[in-house]
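Chemist: A structural model of the following input is requested.
(chains A and B)
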Amino acid sequence: MNQWKNFVKGFIKENPVFVLLLGMCPTLGVTSSAINGLGMGLATTFVLVMSNMSVSLIKSFIPDKVRIPSFIVLIASFVTVVELVMKAYLTDLYAQLGLFIPLIVVNCIVLGRAEAFASKNNVVSSVLDGLGMGLGFAFALTILGSIRELLGSGAIFGFSLVNSGMLVFVLAPGGFIALGYLIAVMKKINKA
Amino acid sequence: MSENKKPASNFVNMVVTLFLVTAIAGLVLGSVYNLTKGPIEIAKAENLKKAIGTVLPDFDKIETIKVMPLDGPDSLTFYRGYKEDKFIGTAIKTYTNKGFSGHFDIMVGFSPDDVIINTAVLQHQETPGLGSNMEQKNSDWSKQFNNKKLATYNLTVTKDGGDVDAITAATISSRAFCDAVKRAYDTYKNEGGQK
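Modeler: All right, here's what the predicted structure looks like:
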């Protein structure tokens, strides 16, 4: 029961994008289309799960004063692994996201969960927390990406529905507008 | 902190811990790099081959040379295509630094009589939905260059008095695209065209 809570809290109650407001840079940067949001979300999920798992595994061997540098080294390594693997096997997605993949390192969610959760909890809870948070992030990015793609270029996941859209939603201002309304809706749902 | 056996933060412990963490991370990264090096190169070569294939007719032999452009910091790559020892055209990997997000690479194919066969965007970071329309999978915009002979074709957008219809709301990307094609053509001409 408790473990289930660790997993689901990332979706609505503590959603990293809509509630914790962490990791706004990739959120606004990549979500000009749904597939970009999903790809970025899944890459971040992988890094989150791996870093949470390893941080909770080694937490009792790391002296307190060097824990942050150690966590950062771990996170940066996993990000580089993701980048190399994507470059090798998912070339098309890499061409779209390439710029943002190295930025996962500085995504506050990853270090935030390592520090706030994984360094105080056991492996199973940490992995579930990372998975929940990561999928919550992916979920938020996909929704935001779909809305912006639909309004901005009249398509969804690359399938064209209408011919034209409001260009502003593809650009940065549209990202802020869409995100603002989504957060408002999520607040409403959370209260209910 | 529930764990009591956590090592104290003294100098030796910290140095040893950080050394171990970075050493293991380095080891893992090294092996992943080695594992993915092959596939990355294959993927790159395949992309390049695909791009050459879209801008040149059927070829069975490619001759690669690097040429410095008249203007610009980096060299262009010429891929001279041959079919059964007959010269069929040159694919040129060219670039511009004038894009909306700076640098991007495109491939342009010239037939032996200096007509553009086709163009392909190799990689770019232009705005999705606007500048990205220069990719042929997104719009037919760049097909207007096909079958144009550059000796008689003014390679600037109509806004600047040229013959190229710019992408709606992406004039900067369109100008940059022209810049890249022009760089390829000028360099190609300077090299003496077909040789």
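Chemist: What parts of chain B come near chain A?
Modeler: Applying CB under 8 Å from any CB of the partner chain, one finds that chain B approaches chain A through B:1-3, B:5-10, B:13-14, B:17-18, B:21-22, B:25, B:28-29, B:32-33, B:36, B:39-40, B:43, B:47, B:123, B:125, B:127-130, B:169. Using the backbone N, CA and C atoms, a C-beta is placed for each residue, glycine as well.
Chemist: What's opposite residue B:164 in the beta bridge?
Modeler: residue B:157 (DSSP bridges).
Chemist: Point out the residues in chain A that sit beside chain B.
Modeler: Counting by CB under 8 Å from any CB, the residues of chain A near chain B are A:32-33, A:36, A:58-66, A:69-70, A:73-74, A:76-77, A:80-81, A:84-85, A:87-89, A:91, A:95, A:99, A:120, A:152-153, A:165, A:167, A:170-171.
Chemist: In PyMOL, select just the buried ones from the residues you listed.
Modeler: In PyMOL, a selection of the buried entries from the residues of chain A next to chain B looks like this (16 or more other CB atoms under 10 Å in any protein chain shown):
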select buried, chain A and resi 32+33+36+58+59+61+62+63+66+70+73+74+76+77+80+81+84+85+87+88+91+95+152+153+165+167+170+171
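Chemist: The residues of chain A next to chain B in strands, which ones?
Modeler: Using DSSP state E, no member of these falls within strands.
Chemist: Which strands or helices does the host helix or strand of residue B:98 pack on?
Modeler: Assigned by DSSP states H and E, residue B:98 belongs to strand B:86-99. With contacts taken as 3 or more CB pairs under 8 Å, 6 or more residues apart in numbering or on different chains; DSSP states H and E, strand B:86-99 sits against helix B:11-55, strand B:76-83, strand B:102-110, helix B:171-190.
Chemist: Can you add mean neighbour count and mean pLDDT and give those back as TSV?
Modeler: TSV is the format used below for the helices and strands packed on strand B:86-99 (neighbours: other CB atoms under 10 Å in any protein chain shown; pLDDT from 0 to 100):
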stretch	mean neighbour count	mean pLDDT
helix B:11-55	15	89
strand B:76-83	19	86
strand B:102-110	22	89
helix B:171-190	22	88
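Chemist: Distance to residue A:54 added to those, as CSV?
Modeler: Formatted as CSV, the helices and strands packed on strand B:86-99 follow (distance: least, CB to CB, whole Å):
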stretch, distance to residue A:54
helix B:11-55, 10
strand B:76-83, 42
strand B:102-110, 36
helix B:171-190, 42
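Chemist: Residue B:83 reaches residue B:56, doesn't it?
Modeler: No: between residue B:83 and residue B:56 there is no contact under CB atoms under 8 Å: 9.4 Å.
Chemist: Not counting its own residues, what contacts stretch A:82-98?
Modeler: By CB atoms under 8 Å, 6 or more residues apart in numbering or on different chains, the residues outside stretch A:82-98 that reach it are A:30, A:35-36, A:39-40, A:43, A:46-47, A:101-102, A:104, B:32-33, B:36, B:39-40, B:43, B:47, B:123.
Chemist: Which helix runs longest in chain A?
Modeler: Longest helix in chain A, counting residues (DSSP state H): helix A:123-153.
Chemist: quick check, distance from that one to the centre of its chain.
Modeler: Between the mean C-alpha location of helix A:123-153 and the chain-wide mean there is a distance of 6 Å, by CA atoms, centre = their mean, to the nearest Å.
Chemist: moving C-terminal of that helix, what's the next helix or strand?
Modeler: Later in the chain than helix A:123-153, the nearest helix or strand by DSSP H and E is strand A:155-156.
Chemist: Would you give the sheet partners of that following strand, along with the direction of each?
Modeler: Using DSSP bridges, the strands paired with strand A:155-156 are strand A:159-160 (antiparallel).
Chemist: Using PDB, list the CA coordinates for whichever helix or strand comes after the partner strand.
Modeler: Next in sequence after strand A:159-160, counting helices and strands by DSSP H and E, comes helix A:172-191. Taking Å, rounded to 0.1, in the frame of the first residue of the first chain, the C-alpha atoms of helix A:172-191 are listed here in PDB:
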ATOM      1  CA  ALA A 172       8.100  30.000 -26.400                       C
ATOM      2  CA  PRO A 173       5.200  32.300 -25.400                       C
ATOM      3  CA  GLY A 174       2.700  29.700 -26.300                       C
ATOM      4  CA  GLY A 175       4.500  27.300 -24.000                       C
ATOM      5  CA  PHE A 176       4.100  29.600 -21.100                       C
ATOM      6  CA  ILE A 177       0.500  30.200 -21.800                       C
ATOM      7  CA  ALA A 178      -0.400  26.500 -22.200                       C
ATOM      8  CA  LEU A 179       1.600  25.600 -19.100                       C
ATOM      9  CA  GLY A 180      -0.200  28.300 -17.100                       C
ATOM     10  CA  TYR A 181      -3.600  27.000 -18.000                       C
ATOM     11  CA  LEU A 182      -2.600  23.400 -17.400                       C
ATOM     12  CA  ILE A 183      -1.300  24.200 -13.900                       C
ATOM     13  CA  ALA A 184      -4.600  25.900 -13.200                       C
ATOM     14  CA  VAL A 185      -6.600  22.900 -14.300                       C
ATOM     15  CA  MET A 186      -4.400  20.600 -12.300                       C
ATOM     16  CA  LYS A 187      -4.800  22.700  -9.100                       C
ATOM     17  CA  LYS A 188      -8.600  22.400  -9.600                       C
ATOM     18  CA  ILE A 189      -8.400  18.600 -10.000                       C
ATOM     19  CA  ASN A 190      -6.100  18.300  -7.000                       C
ATOM     20  CA  LYS A 191      -8.500  20.300  -4.800                       C
END
